[in-house]
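Trainee: Mind looking at a prediction? Sequence and model below.
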Amino acid sequence: MILISFGTRPEYIKIKPLLATFDGRIPYALLFTGQHMSLLEEVISTTDVRQLQIQDGENRLDSIVSSIMNNDQVFRDIDSVMVQGDTTSAFAVALAAFHRRIKVIHLEAGLRTYNLSHPYPEEFNRQSIARMAEIHLCPTDMAAANLRQENITSGVYVVGNTVLDNLKGTEFTYGNTILVTMHRRENHELMDQWFHQLETLAVKHPEYEFVIPLHPNPNVQQYRHILKKVKVITPVDHTQFIRMIASCRFIITDSGGIQEEASFLGKKCIVCRQITERVEGMGVFSFLCPTPLELPESFRWIDTNNNHIPSETEICPYGDGHSSEKICAILMEALNV
């Protein structure tokens, strides 16, 4: 039986289509690591959801990691463990499984910036998971090439990203909304500058409506007062957010995952980061903007060159919406299910 670990909403969104595909074909249990507690209500009906005993407080992540490492019970009757991406809890689950000689499967494997500070600590986490994993489920050919460069050649598969399985059949248009998201740790010290530039753009371009679902992190919220012309809304669920992507003109974001979803829905992104691990769409769907001072020029360029109709060469490089089926077939063979 596979133990599938998740604890954040983005993680759950990525495993949701996988669980639907596994049902009746691959036996699994869920390990809920508890970062976003509201998720528990959505999955509690699942027959086997294993939870950690977590102490609330300032060092909640430390409690999560400690609970994983010292909890034999959650690994009972488990032959393999699936972790995804690059969270610290994913690293801890992989490490705990590795110490128990349980096979580790890494979903969304091979993403790299090769800069341990960008993103921090995610780059360390995903590189470390790769050394422990036996099966590497990569979203792109480039991610698989990264692993081969690191002398990881066995058990490497290119499957696309499961998050795109949720988007099959979604129709998209090009409205007058500029969708904005900002939350990354690397941008916290510059958040006021990013927000000032966004507000200036919103004033300068009244033909567009700038909308930001504001992240609840206090490092983001403390600069809310800067945004007057920019429309600030509370965070929305994933279904509503996909509707916003599907109907917007283009996106300003520091997110990695949104780059994938946007390209699948034919939308371009200004990526407010110094570096990105999702390089496949750069120059076609995504365009780096390393500093707040460069945002006006990035905006001008993408607004001028946004032709709104993806050409034959503008195909989403992150998957085709059928990743879950590919993964299920791979694991059924690899695990002799």
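Mentor: In hand now; what should we look at?
Trainee: Name the helix or strand for I212, please.
Mentor: strand 209-213 (DSSP states H and E).
Trainee: List the buried residues of that strand.
Mentor: Neighbour-count burial for strand 209-213 flags E209, F210, V211, I212, P213 (criterion: 16 or more other Cβ atoms under 10 Å). C-beta coordinates here come from the backbone N, C-alpha and C atoms, glycine included.
Trainee: surely the third one meets N176?
Mentor: Translated: V211. No - if you go by Cβ atoms under 8 Å, V211 and N176 don't touch, sitting 10.5 Å apart.
Trainee: pLDDT below threshold where in this protein?
Mentor: Scanning the chain for pLDDT under 70 picks out 37-47, 53-60, 307-314.
Trainee: just the helices in it please.
Mentor: 9-22, 40-43, 60-69, 88-99, 122-132, 141-149, 191-204, 218-221, 238-247, 257-264, 295-305, 323-334 (DSSP state H).
Trainee: any chance of these in TSV, plus mean neighbour count and distance to V180?
Mentor: Supplementary listing: these in TSV, determined by neighbours: other Cβ atoms under 10 Å; distance: least, Cβ to Cβ, whole Å:
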stretch	mean neighbour count	distance to V180
helix 9-22	20	18
helix 40-43	12	27
helix 60-69	17	27
helix 88-99	22	27
helix 122-132	19	22
helix 141-149	17	27
helix 191-204	18	6
helix 218-221	14	11
helix 238-247	16	10
helix 257-264	25	11
helix 295-305	15	11
helix 323-334	18	28
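Trainee: For E108, find the nearest of those helices.
Mentor: With Cβ to Cβ, the closest approach to E108 among these belongs to helix 9-22: 7.1 Å.
Trainee: and that closest one, what does it pack onto?
Mentor: Counting by 3 or more Cβ pairs under 8 Å, 6 or more residues apart in numbering; DSSP states H and E, the packing neighbours recorded for helix 9-22 are strand 2-6, strand 80-84, strand 103-107, helix 323-334.
Trainee: Nearest to G24 among those would be which one?
Mentor: helix 323-334 (10.6 Å).
Trainee: Identify all contacting residues around the closest one.
Mentor: Residues outside helix 323-334 that contact it (Cβ atoms under 8 Å, 6 or more residues apart in numbering): 2, 17-18, 20-22, 25-26, 105, 107, 135, 137, 139, 155, 157, 159-162, 164-165, 337.
Trainee: Tell me how far it lies from the chain's centre.
Mentor: Mean-position distance between helix 323-334 and its chain equals 21 Å (Cα atoms, centre = their mean, to the nearest Å).
Trainee: That one versus strand 2-6: what angle between them?
Mentor: With axes from the mean of the first three to the mean of the last three Cα atoms, to 10 degrees applied, the angle from helix 323-334 to strand 2-6 works out at 150 degrees.
Trainee: Measure how helix 323-334 sits relative to helix 9-22, angle-wise.
Mentor: Using the same axes, to 10 degrees: helix 323-334 against helix 9-22 is 60 degrees.
Trainee: Dump the C-alpha coordinates for helix 323-334 into CSV.
Mentor: Coordinates of the C-alpha atoms in helix 323-334 are reproduced here as CSV (Å, rounded to 0.1, in the frame of the first residue of the first chain):
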residue,chain,number,x,y,z
SER,A,323,-0.7,12.9,-15.9
SER,A,324,-2.6,10.8,-13.3
GLU,A,325,-3.3,8.0,-15.8
LYS,A,326,0.4,7.9,-16.8
ILE,A,327,1.5,7.8,-13.1
CYS,A,328,-1.1,5.0,-12.3
ALA,A,329,0.2,2.8,-15.1
ILE,A,330,3.8,3.4,-14.1
LEU,A,331,3.2,2.6,-10.4
MET,A,332,1.1,-0.5,-11.2
GLU,A,333,4.0,-1.9,-13.1
ALA,A,334,6.8,-0.7,-10.8
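Trainee: Distance to I252 added to the helices and strands packed on helix 9-22, as TSV?
Mentor: Listed next are the helices and strands packed on helix 9-22 as TSV, based on distance: least, Cβ to Cβ, whole Å:
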stretch	distance to I252
strand 2-6	28
strand 80-84	26
strand 103-107	28
helix 323-334	27
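Trainee: how about those, which one is nearest R50?
Mentor: The nearest among the helices and strands packed on helix 9-22, by Cβ to Cβ, is strand 2-6 at 7.4 Å.
Trainee: List the contacts of the closest one.
Mentor: Residues outside strand 2-6 that contact it (Cβ under 8 Å, 6+ apart): 11-12, 15, 18-19, 22, 26-33, 39, 50, 74-75, 78-84, 89-90, 93, 97, 105, 331, 335.
Trainee: domain parsing for the chain?
Mentor: Domains of the chain are assigned by automatic domain parsing as 2-164+321-334, 177-305.
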